[in-house]
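**Student:** What shape does this take:
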Amino acid sequence: MVDAKAFENMQRLKKAGLWACERKKVLERILQLRARIAERTGMQPDSTPLVRQLREESRRYE
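**Tutor:** From the prediction side, this is the model:
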């Protein structure tokens, strides 16, 4: 036999475990979708180095 408080605690822990499992599944799905989108659109390289290079080159000729 289990008292009411212990039963409530067990139920709360069970729900928390289910929520954690569901969150994990959702996050995995989001990562899969992001990877699929990245494949379809193609990851573009970071343009910051190119912009810096162009700025530096334009200063050389001034």
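
**Student:** need the helices for this protein, in chain order.
**Tutor:** For the chain, the helices defined by DSSP state H occupy 4-41, 48-60.

**Student:** Let's have those helices in JSON lines, adding mean neighbour count.
**Tutor:** All C-beta atoms are positioned from the backbone trio N, CA, C, and that covers glycine. Below are those laid out as JSON lines (neighbours: other C-beta atoms under 10 Å):
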{"stretch": "helix 4-41", "mean neighbour count": "10"}
{"stretch": "helix 48-60", "mean neighbour count": "9"}
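
**Student:** Can you flag the weakest of those helices by average pLDDT?
**Tutor:** Lowest mean pLDDT of these: helix 48-60, a mean of 80.

**Student:** Using PDB, write down the CA coordinates of that one.
**Tutor:** Extracted as PDB, the C-alpha positions of helix 48-60 are listed here (Å, rounded to 0.1, in the frame of the first residue of the first chain):
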ATOM      1  CA  THR A  48      32.300  38.100 -43.700                       C
ATOM      2  CA  PRO A  49      35.900  37.300 -44.800                       C
ATOM      3  CA  LEU A  50      35.000  38.300 -48.400                       C
ATOM      4  CA  VAL A  51      33.500  41.600 -47.300                       C
ATOM      5  CA  ARG A  52      36.600  42.400 -45.200                       C
ATOM      6  CA  GLN A  53      38.900  41.500 -48.000                       C
ATOM      7  CA  LEU A  54      37.000  43.800 -50.400                       C
ATOM      8  CA  ARG A  55      37.100  46.600 -47.900                       C
ATOM      9  CA  GLU A  56      40.800  46.300 -47.400                       C
ATOM     10  CA  GLU A  57      41.500  46.100 -51.100                       C
ATOM     11  CA  SER A  58      39.500  49.300 -51.700                       C
ATOM     12  CA  ARG A  59      41.500  51.100 -49.000                       C
ATOM     13  CA  ARG A  60      44.800  50.200 -50.700                       C
END
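
**Student:** Tell me how far it lies from the chain's centre.
**Tutor:** Chain-centre distance of helix 48-60: 33 Å, with C-alpha atoms, centre = their mean, to the nearest Å.
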